[in-house]
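In: The sequence isn't on hand, but the structure is:
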């Protein structure tokens, strides 16, 4: 999805409409590196993107069905009332303001925040993609993202956040290789 | 919705799929071709003939020098002196129309967002005749499911599903931003629709053909999506 998306971005590697490109975007008219792209040209990138998109959505639907049907959401979802204090204390421990980590059950508060956030990002990715794909048919959705050009910004921003999420976890798993199986399987059953 | 996809159209789509993925291995090309046909059905289902693109205020208009002008010829195509529009295919009353005749017909003007396949958008107002008005005058046969547009821009062409062609925001436009349509935007007459990507909107129009079977198009035959609705 990312590679074909970057291939599509290459055709107009800018944000903002014609004649009013956004001045805040630092990479205006700078195409992503070619080795990161899939599909060879714009039409090829679009075919890859719209083919794999169905599997991305199906994967999400299966995940969320299991997530809620199995009750897994109770120990994985960030619930502000339960987890905020723990997340703040965990953060304080990481930046060495606190000497000991707060108690943690399955996840600590900060982990719940990260793993709930990434699920939200996945949903925003799909919705902003639909808004770009059919800005007229799904116009109300497109408006939520600030219009067609706003949806492109959101779609690319979410890609960057997901890329950071993946990069951080690749670093973590290279430091703690034993966690690899837990990362893939989701950890022990409750 | 366009239900009738002829054998010929199917083969054309399969050929197009093989062009897109010329450098892919055979199973990958078949996978992408199958997903492309699936997506085309999905696009057709997502399209609502009654849904209108929002009309935008004059303040949203893109500066004219920032609205790209595309043509495939080496130099800007200029209309022949005796230019006419031929309306044909499966119609009861085939016609040859002059620009003056088109300009006496009911005029529609709309300012809508333009979506290019490349990812950019722009805004302009377009005025002209609704294509559904031309279809009504010509008397379209019940077997017609597709509409084909041809041009004098080195053979640039495209074909559409009938529902998108008869959408109230699909025009044969002879005007741009309140003035006459310039050569850079397809003078003397072009297709302009709020519900298709830019490349479906054929400029420098010469022919409109109402057809029972699906054909292709300049970009479509090279591998770009055929439906390409927005």
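Out: Happy to help now that I have it. This is a predicted model, so every value here is computed, not measured.

In: At which residues are the strands of chain B located?
Out: Applying DSSP state E to chain B gives strands spanning B:85-89, B:95-97, B:108-115, B:121-130, B:146-151, B:157-161, B:170-176, B:179-180, B:190-193, B:205-211.

In: Same list (these) but as JSON lines, adding mean neighbour count and distance to residue A:17.
Out: The C-beta positions use only the backbone N, C-alpha and C, and glycine is treated the same way. Output for the strands of chain B, formatted as JSON lines (neighbours: other Cβ atoms under 10 Å in any protein chain shown; distance: least, Cβ to Cβ, whole Å):
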{"stretch": "strand B:85-89", "mean neighbour count": "18", "distance to residue A:17": "31"}
{"stretch": "strand B:95-97", "mean neighbour count": "15", "distance to residue A:17": "34"}
{"stretch": "strand B:108-115", "mean neighbour count": "20", "distance to residue A:17": "8"}
{"stretch": "strand B:121-130", "mean neighbour count": "22", "distance to residue A:17": "5"}
{"stretch": "strand B:146-151", "mean neighbour count": "23", "distance to residue A:17": "26"}
{"stretch": "strand B:157-161", "mean neighbour count": "25", "distance to residue A:17": "24"}
{"stretch": "strand B:170-176", "mean neighbour count": "24", "distance to residue A:17": "17"}
{"stretch": "strand B:179-180", "mean neighbour count": "12", "distance to residue A:17": "21"}
{"stretch": "strand B:190-193", "mean neighbour count": "26", "distance to residue A:17": "17"}
{"stretch": "strand B:205-211", "mean neighbour count": "22", "distance to residue A:17": "26"}
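
In: which residues sit against the lowest-mean-pLDDT helix or strand in chain A?
Out: Every helix and strand in chain A was compared by mean pLDDT, DSSP states H and E; the lowest is helix A:180-185, with a mean of 85. Contacts to helix A:180-185, defined as Cβ atoms under 8 Å, 6 or more residues apart in numbering or on different chains, come from residues A:169, A:173, A:188.

In: So which of the strands of chain B is nearest residue A:16?
Out: Residue A:16 sits nearest to strand B:121-130 of all the strands of chain B, at 9.0 Å, using Cβ to Cβ.

In: and the closest one, what does it pack onto?
Out: On a contact count with 3 or more Cβ pairs under 8 Å, 6 or more residues apart in numbering or on different chains; DSSP states H and E, strand B:121-130 meets strand B:108-115, strand B:170-176.

In: could you dump the contacts of helix A:180-185 to JSON lines with neighbour count?
Out: Below are the contacts of helix A:180-185 laid out as JSON lines (neighbours: other Cβ atoms under 10 Å in any protein chain shown):
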{"residue": "A:169", "neighbour count": "14"}
{"residue": "A:173", "neighbour count": "15"}
{"residue": "A:188", "neighbour count": "7"}
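
In: wait, what's in contact with the residue of chain B found nearest chain A?
Out: Going by Cβ to the nearest Cβ, chain A is nearest to residue B:66 of chain B, at 3.0 Å. Residue B:66 makes contact with A:18-20, B:122, according to Cβ under 8 Å, 6+ apart.

In: what's the most distant pair in the residues you listed?
Out: A:20 and B:122 (9.2 Å).

In: what sits in contact with each of the two?
Out: The contact lists of residue A:20 and residue B:122 share B:62, B:66, where a contact means Cβ under 8 Å, 6+ apart.

In: Excluding sequence neighbours, find me the nearest residue to the single nearest residue of chain A relative to chain B.
Out: Closest residue of chain A to chain B, Cβ to the nearest Cβ: residue A:19 (3.0 Å). Closest residue to residue A:19 apart from its sequence neighbours, by Cβ to Cβ, 6 or more residues apart in numbering or on different chains: residue B:66 at 3.0 Å.

In: Do you know the pLDDT at that neighbour?
Out: At residue B:66, the model reports a pLDDT of 97.

In: What is the end-to-end distance of stretch B:185-198?
Out: End-to-end distance for stretch B:185-198: 12 Å, by Cα to Cα, to the nearest Å.

In: Repeat that for stretch B:212-230.
Out: Span of stretch B:212-230 from end to end, Cα to Cα: 24 Å.

In: So residue A:157, which state does it fall into?
Out: Of the three states, residue A:157 takes helix under DSSP: H, G, I helix; E, B strand; the rest coil.

In: quick one: contacts for it?
Out: With Cβ under 8 Å, 6+ apart, residue A:157 has no contacts at all.

In: So what's the residue count around residue 74?
Out: You didn't pick a chain, so chain A it is. 12 (other Cβ atoms under 10 Å in any protein chain shown).

In: I was thinking of chain B, sorry if that wasn't clear
Out: Residues lying near residue B:74 (other Cβ under 10 Å) number 7.
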